[in-house]
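Visitor: sequence below, structure please.
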Amino acid sequence: MIPALQHMGDPATRSRRGHRSLARRTADALGRAVADVLENDELASTPGLMQSLDPRVKLVSILAFAVATSLVHSLPVLLGLTLTTVAFAAASKVPLASFAAKVWSTAGFFGALLAAPAATAWITPGPVLVPLGPLSVTAPGLLIAARLVTRVAAGAGFGLLVVWTTRWTDLLRALSAVGVPELVVATLAMTQKQIMSLLRTVENMHLARESRMLSVGTVHENRGWVVERMAFVARRSMKTADDVYDAMLARGFDGHMPSLAALRTRAADWGWLLTSAAVCALALGIDRMVFPL
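Guide: Residues are numbered from 1 along each chain as shown. Below you'll find the model as predicted:
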């Protein structure tokens, strides 16, 4: 009997017939990843507060906000900086629900994971709020954890704003302008292109397998196929990287990344830079004078 027909007669296969196969789920996930990248490019082209700024000024100002966030100790000021990221996102026409979801599902989650031990009496003794023995949650520990999570979320929010409101080519040009080594900029540029190409390749492989399968297959077969494809993609990515680099050298690449993007600083950009510096200084001043340690 044909193996695919044998799988269709398998009870476990019949029970999974109403579910999407591994290839279908993976292809859908890869398609969403590519769509997110394209959506970011579209968002960076829309008119908005952050989109209208010179990428160099934007990068410096956001870096200043991130540094100020790392130096602030009081929870109210950190919450204020977090709300500032939301205000910037709204002024830049960034979907707030998507912005909050990405910040808190990644930075917020891992920040909470790292801060969780600090909230316990084992690390931070003090008045107990939730008695759990040596893992009891204390008031000072909860405050420390809240400050850490808020600081991470605010810093991630500022960084995400730069990525979402700046075209990739403009961002690379701004990185070169502020003194980032050309090797790093070239690596970032090639990595972005390589990732997009590999995402498309993997998506097409999964769709091709999906179109040729009469059943979802067994768990063992799916795992084996995924491992084989992972090895294939790894080999292909290394070969493609070597081929691209050889092609660049053949065309005169000397480590410098030229750009056709013409960056111009206007009066509004200088005004934004001064306002950002004033807001950062105000946040640090309030943190030191109103909420001293």
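
Visitor: would you map out the domains in the chain?
Guide: 51-167+263-293, 180-260 (automatic domain parsing).

Visitor: most tightly surrounded among those domains?
Guide: Highest mean neighbour count of the domains of the chain: domain 51-167+263-293, a mean of 17 (counted as mean count of other Cβ atoms under 10 Å). Using the backbone N, CA and C atoms, a C-beta is placed for each residue, glycine as well.

Visitor: pLDDT of that domain, averaged?
Guide: Taken as a whole, domain 51-167+263-293 carries a mean pLDDT of 87.

Visitor: which stretches of the stretch 151-293 of the chain form helices?
Guide: In the stretch 151-293 of the chain, the helices defined using DSSP state H, counting those that start in this stretch lie at 168-177, 182-212, 219-250, 267-289.

Visitor: just checking the distance from the third one to the centre of its chain.
Guide: Averaging C-alpha coordinates over helix 219-250 and over its chain gives two centres that are 23 Å apart (Cα atoms, centre = their mean, to the nearest Å).

Visitor: cool, and the last one?
Guide: Relative to its chain's centre, helix 267-289 lies at 26 Å (Cα atoms, centre = their mean).

Visitor: contacts for it, please.
Guide: Contact with helix 267-289 is made by 52-54, 57, 60-61, 64-65, 67-68, 71-74, 77, 80-81, 84, as judged by Cβ atoms under 8 Å, 6 or more residues apart in numbering.

Visitor: so which of the residues you listed are in helices?
Guide: Taking DSSP state H as the definition of helices, these contribute 57, 60, 61, 64, 65, 67, 68, 71, 77, 80, 81, 84.

Visitor: ok, back up a step: select, out of the domains of the chain, the one closest to residue 173.
Guide: domain 180-260 (4.4 Å; Cβ to Cβ).

Visitor: contacting residues for the most centrally placed residue in the chain?
Guide: Geometric centre of the chain, nearest residue: residue 160, 6.8 Å, by Cα atoms, centre = their mean. Contact analysis of residue 160 by Cβ under 8 Å, 6+ apart lists 99, 102, 103.

Visitor: in terms of helices and strands, where is the second one?
Guide: When you say that, I think you mean residue 102. Using DSSP states H and E, the element containing residue 102 is helix 96-102.

Visitor: tell me which other helices or strands the helix or strand following that helix touches.
Guide: Tracing the chain C-terminally past helix 96-102 and defining elements by DSSP H and E, one meets helix 109-115 next. Where contact means 3 or more Cβ pairs under 8 Å, 6 or more residues apart in numbering; DSSP states H and E, helix 109-115 is packed against helix 139-164.

Visitor: got the angle for the helix it packs on vs helix 55-71?
Guide: Between helix 139-164 and helix 55-71, the angle comes out at 170 degrees (axes from the mean of the first three to the mean of the last three Cα atoms, to 10 degrees).
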